[in-house]
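[1] okay, here's the prediction I keep looking at, along with the sequence it came from:
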Amino acid sequence: MNDRITIEDIKQIAPFSQGSTEIFLTGLWSSRKPVHIDKTSPCRHACPIGNDIARAFYEASMGHYDEALRIFRQDNPLPGVCGRVCYHPCEVLCNRKEYDEAVNIRGFERFLADNGKVDIGREKPAHLRKERVAIIGSGPAGLSASYHLTRLGFSVTIFEALPEPGGMLRYGIPEYRLPKDILDREIGYIRDLGVEIRTGARVGKDLPLTDMRNDYQALFLALGAHGGTELGIKGEHLPGIMDGVTYLRTINLGKKVRLGKKVAVIGGGNTAIDCARTARRSGAKDITIIYRRSRTEMPALAEDVEGTEKEGIKIELLAAPRRLISENGKLSGIECVRMRLGEPDASGRPRPIPVEGSEFLVSVDSVISATGQAPQTEFLKELGLLVDKNSVIEISCETAATNIEGIFAGGDSAGTRAFVADAIASGKQGALAISCYLDGIDIKKAFKNHQIGDQPSFSFQHLLDPEHYPADLKKVVPYNKINTLCFPHGARHDNPDNLTPKEAVKNFKEVAGGIDPSQMPFEIYRCFKCGTCTHCDLCFLLCPDISIMKGKDGYSVRTDFCKGCSQCATTCPRNVIEMGEGSGGRK
Amino acid sequence: MKILLKGNYAVAEAVRLARVQLVAAYPITPQTPIYEKLSDMENEGTLPGVMMRTESEHSAMAACIAASLTGVRTFTATASQGLALMHEMLHFASGNRVPIVMCNVNRVVAVPWAFGSDQSDSLSQRDTGWLQFYCEDAQEAFDTVIQAYRVAEQVLLPVMVAIDGFFTSHFIEPIEIPDQASIDAFLPSFSIPTRFNEADPAYIANVVNPEQYMGYRQRSFEDMEKTRSVIQEANEEYQRIIGRGYGVVEAVNTDDAEIVLVTSGAMTSTARVAIQSLRDRGLKAGLLKMKALRPFPTREVQEILKNTPKVAVIDRNISLGKGGIWCQELKAALYPLDRRPEVTGYIAGICGADVSPDMIEDMVMKALEREQPDDLPIWVRRDQ
């Protein structure tokens, strides 16, 4: 019956081909094609220094921890410092926060800095420049400027008035938050890179600024803010009263300060917290922090405020000192007044308003006033440098330039936000400004070219090699572009405490520990790696037209066959792919 | 010797005896017992072929097509949503001229979500190029699956065998299962050549130009016409070897009938009782059972109804915007007649709703009394 059916019979009734479908360029019928283009993660966008966090996480996810550290170090010479004391705005804007909890980015940075290897030789510039730059001050701004200028080939000398480099990192931040050996190591890398640091060199006193102007083609002033501000109340000049930065500097210089048993610290910022916890470790038993607004408005980091309370330090909120009281010429108490919160003031925070008749007395042996700090800039006036009424050097924000040609300024002394990361960012900005000045390039144009999103930060890697830069710095990945189906929920791995509060107050050992190496991969896995292609192959596997090809350095699109369905763009876990008009493929 | 079997198991027995080499399927109510029975057989070592468990009906049909192209006998079974999901591949099967046999257990199509018998699932696959047979009971289902392989493999077109969900699929009936030797005598082993040759690769479903396309379609259409004689011949041979047979239609007491009731599927058994009851009361009523939808038995229908004044059609399905699908098909077939009967369409039993003998008698009487039937169908519902 059907044994008579042959293949030739079938060919007559059903289509059958031995040609190739490749001649049908079905992709030519669509005008939208996927483009693989790495983008900027919101954490990077939030980072004042512009650290390429997502890419570092990606490298670490493949076990390339040293490379991950190198990525951080492209923009930031002090990852061990920032990995401990940064206020981590990156975590505030982390996309993962919308999903469960922000990734422990600061803990990751610290992990890399503590465990990774640095090959500083790789960062040395290929071409050395003849121009010399002098940097006054070796705090985070000065160190950052020196590092980046050296990488651009300039010869850099830092002049530091204090015995050792580091500025506020050494003399402001207590050892229990930032161990000195961590700081020493990172400053060591900067020296290894070729930066000369002259300590004990007081510019203005020992070294006239005018002489320096002859020897150096550009100057960067990063003096810091080592002077306290006055409380402006009666009794301020009684013995037993000290400003916070002076207190911390004295302790960090290894000297003793007699405080007595009962200590009041005025202020709610990190300096106030550092003073209170330092005093606790120095033997004071009864410590009260007095802050005029509520807990929410405290500029100090919430985790540090919490740690302070665990160590038995009281926090008196909504209270402000009215006058200091003495008995027999000796400080005995502070008269405080209760405050209430009113409408927002110029800083955007609610204005504290005294509640009349609510005065109360706090009995003290000494008072540390940590309500603000000011740069010491009188000596600059000899040059005719413009300084405002708060002794802050006046600069143009974008260019870091002072009113005198060739002199630039940054950090606290130029009114930058008083956080370490902002100071480092300011030094980096100063390096770009000085480099542009010496090259005769418009800094504003150059900055825009390397700018991250619409932030005041830029990518140093992009500055060094814009042609081969792997990501679009202007496109920031929003949460709704993350394909969260690709990510299981998982709890954040916080840094553990090394010491119980009881043990912690007995010495200056570092309180916060590093993330355990066995836990780190899980936190690395939690990171979405927003905008950074991880070569996960999802696009390759899901393409219904087999039009995404895998190559050595990523994916390419066979636009002759891609119908522009955008499966790949929609399913990409981290928004690397987008649909563009035209021929498509990797740009 | 007869044994008691539910319709689904009777279908599974037919698949076993037909020596099917590949079964690719996905379970769905009310087809699942077929899938389960075939799995049991495979487990017990009595299934000559292999079961391939796919993740969807679309893949099940794709697997059957691919297997058939390599020259093996294939089977699948589905229902309702599963058949709807298969739709694209149904065209691939007929276009590639692969002789797949499928059992569709008629079930209502969502939405609303429900499970009862309803022919809309398979009737809406009318134009996919498959032969379609509707069975009245489990015995017919068994016999039709066996016959379907012989027809399909001779004309190289796929065949769908439809049975009513729950009525035929789950009712236990005494049926006769022939022995393997009888089946082998009727159904020779599969001998369609493979279209895949690793040494000399080719592919199917390639792009053709409009002229070529029309050529393939016309050829398929003509081959579908040729199936009419093949179906008849196969049935006669089955009758000879096995001792049972079915026409593409069956006429009961139609010669002198003043009115002929037209039904399909399991409802026909009920209609037989109702028509006999009307005859007993002196009414000249006849019954026309429709088995084949494609190819449509136009000549047979015309011959049977050429002298009939009135016709009532009961459809367990509905095509919105027109009416019952069998009714439409029938009207089109009757159009060339000089004296066309007046046709009344009924929609009844949708989603497995009960259609009792007295309801059928009532429908026949009402159709008989009607002067000028409307083109629109009459809905018959118990709750009204």
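    Cool, got the structure.
[2] what about A:Asn498, distance to chain B?
    Relative to chain B, A:Asn498 is positioned 52 Å away (Cβ to the nearest Cβ, to the nearest Å). For the C-beta atoms, the positions are set from N, CA and C on the backbone; glycine is no exception.
[3] name the nearest residue to that residue, sequence neighbours excluded.
    Take A:Asn498 and drop its neighbours on the chain: the residue closest to it by Cβ to Cβ, 6 or more residues apart in numbering or on different chains is A:Gly513, 4.1 Å away.
[4] likewise for B:Ile242?
    Once flanking residues are discounted, B:Ile242 sits nearest to B:Pro178: 5.2 Å by Cβ to Cβ, 6+ apart.
[5] my guess is the one you found is in a helix, correct?
    No. Counting by DSSP: H, G, I helix; E, B strand; the rest coil, B:Pro178 is not part of a helix but coil.
[6] contacts only, for B:Asn72.
    No Asn there; residue B:72 is Val. Counting by Cβ atoms under 8 Å, 6 or more residues apart in numbering or on different chains, B:Val72 touches B:Gln21, B:Leu22, B:Gly49, B:Phe190.
[7] so which of the residues you listed comes closest to chain A?
    For the contacts of B:Val72, the minimum distance to chain A (Cβ to the nearest Cβ) is 8.1 Å, reached by B:Phe190.
[8] hmm, the closest one is touching B:Thr70, no?
    No. Using Cβ atoms under 8 Å, B:Phe190 makes no contact with B:Thr70, being 10.9 Å away.
[9] residue in the stretch 251-384 of chain B nearest to chain A?
    Chain A sits closest to B:Pro295 of the stretch 251-384 of chain B, with a gap of 16.7 Å, by Cβ to the nearest Cβ.
[10] returning to what we had before: burial count for the residue nearest to B:Ile242?
    B:Pro178: 21 surrounding residues under other Cβ atoms under 10 Å in any protein chain shown.
[11] picking that back up, could you report the neighbour count for the residue nearest to A:Asn498?
    Neighbours of A:Gly513 using other Cβ under 10 Å come to 13.
[12] try A:Ser556
    Around A:Ser556 there are 15 residues (other Cβ under 10 Å).
[13] doesn't it belong to a strand?
    Yes. Applying three-state DSSP, one finds A:Ser556 inside a strand.
[14] circling back: which ones are touching the residue nearest to A:Asn498?
    By Cβ under 8 Å, 6+ apart, the contact set of A:Gly513 is A:Asn495, A:Pro496, A:Asp497, A:Asn498.
[15] and the third one, what pLDDT?
    Per-residue confidence (pLDDT) for A:Asp497: 94.
[16] count residues in the vicinity of residue 317, would you?
    Let's take chain A. 17.
[17] nope, chain B please
    As a burial measure, B:Asn317 scores 25 neighbours (other Cβ under 10 Å).
[18] for the closest residue to A:Lys381 other than its chain neighbours, give me phi and psi.
    Computed as Cβ to Cβ, 6+ apart, the closest residue to A:Lys381 that is not its neighbour in sequence is A:Val387, at 6.7 Å. Backbone torsions for A:Val387, taken as degrees, to the nearest 10, come to phi -130, psi 140.
[19] kindly report the same for B:Leu368.
    Backbone torsions of B:Leu368, given as degrees, to the nearest 10, read phi -70, psi -40.
[20] alongside chain A, which residues does chain B contribute?
    B:95-97, B:150, B:153-154, B:156, B:188, B:191-193, B:195, B:200-208, B:212, B:216, B:219-220, B:223 (Cβ under 8 Å from any Cβ of the partner chain).
[21] hey, what's A:Leu221 bridged with?
    A:Leu221 has the following beta-bridge partners by DSSP bridges: A:Ile136, A:Ala409.
[22] is it in contact with A:Ile404, as I believe?
    No. Applying Cβ under 8 Å as the test, A:Leu221 and A:Ile404 come out as separate, 10.2 Å apart.
[23] neighbour count winner among those two?
    Per other Cβ under 10 Å, whichever of A:Leu221 and A:Ile404 has more neighbours is A:Leu221, with 30 against 16.
[24] list the contacts of that one.
    Neighbours of A:Leu221 in contact, by Cβ under 8 Å, 6+ apart: A:Ile136, A:Gly137, A:Leu380, A:Ile393, A:Thr402, A:Ile407, A:Phe408, A:Ala409, A:Gly410, A:Ser413, A:Ala414.
[25] identify, from those residues, the entry nearest to chain B.
    A:Gly410 (61.9 Å).
[26] quick one: the helices in the stretch 251-384 of chain B?
    Using DSSP state H, counting those that start in this stretch, the helices of the stretch 251-384 of chain B run over residues B:267-280, B:298-305, B:325-334, B:357-369.
[27] state the distance from A:Arg258 to A:Asp365.
    Remark: distance between A:Arg258 and A:Asp365 (Cβ to Cβ, to the nearest Å) = 9 Å.
[28] those two: who's more crowded?
    Applying other Cβ under 10 Å to A:Arg258 and A:Asp365 shows that A:Asp365 carries more neighbours, namely 18 against 9.
[29] buried residues, the longest helix anywhere in chain B. List them.
    The residue-count maximum for a helix in chain B (DSSP state H) belongs to helix B:210-241. Counting neighbours by 16 or more other Cβ atoms under 10 Å in any protein chain shown, one finds that the buried residues in helix B:210-241 are B:216, B:220, B:223-224, B:227-228, B:230-231, B:234-235, B:237-238, B:241.
[30] domain assignment for chain A?
    A:121-226+A:375-453, A:258-371 (automatic domain parsing).
[31] winner for burial among those?
    domain A:121-226+A:375-453 (a mean of 20; mean count of other Cβ atoms under 10 Å in any protein chain shown).
[32] start to end distance for it?
    Terminal residues of domain A:121-226+A:375-453 are spaced 31 Å apart (Cα to Cα, to the nearest Å).
[33] run the chain-centre distance for it.
    Relative to its chain's centre, domain A:121-226+A:375-453 lies at 17 Å (Cα atoms, centre = their mean, to the nearest Å).
[34] roughly how far does the most centrally placed residue in chain B sit from B:Asn235?
    Centroid-nearest residue in chain B, with Cα atoms, centre = their mean: B:Phe133, separated by 2.5 Å. Applying Cβ to Cβ, the value for B:Phe133 to B:Asn235 is 11 Å.
[35] nearest residue to the residue in chain B that chain A sits nearest to in space, ignoring adjacent ones along the chain?
    Nearest residue of chain B to chain A, counting by Cβ to the nearest Cβ: B:Asn206, 3.6 Å away. Once flanking residues are discounted, B:Asn206 sits nearest to A:Ser17: 3.6 Å by Cβ to Cβ, 6+ apart.
[36] same thing with A:Val195?
    A:Ser146 (4.4 Å).
[37] residues contacting that neighbour?
    The neighbourhood of A:Ser146, defined by Cβ under 8 Å, 6+ apart, consists of A:Ile135, A:Val156, A:Ile158, A:Ile190, A:Val195, A:Ile197, A:Gly427.
[38] which SS state does the fourth one fall under?
    Applying three-state DSSP to A:Ile190 yields a three-state assignment of helix.
[39] re the thing from before, what helix or strand is the residue nearest to A:Val195 located in?
    helix A:140-151 (DSSP states H and E).
[40] which SSE is immediately downstream of that helix?
    On the C-terminal side of helix A:140-151, the closest following helix or strand by DSSP H and E is strand A:155-159.
[41] enumerate every residue touching residue 174.
    Since you didn't name a chain, this refers to chain A. So A:Pro174 contacts A:Leu248, A:Ile251, A:Asn252, A:Asp274, A:Arg277, A:Thr278, A:Arg281, A:Phe508 (Cβ under 8 Å, 6+ apart).
[42] um, chain B though
    B:Lys2, B:Ile3, B:Leu4.
[43] swap in 6 Å and give it another go.
    Taking Cβ atoms under 6 Å, 6 or more residues apart in numbering or on different chains, we find B:Pro174 in contact with B:Lys2, B:Leu4.
[44] nice, that's everything, thank you.
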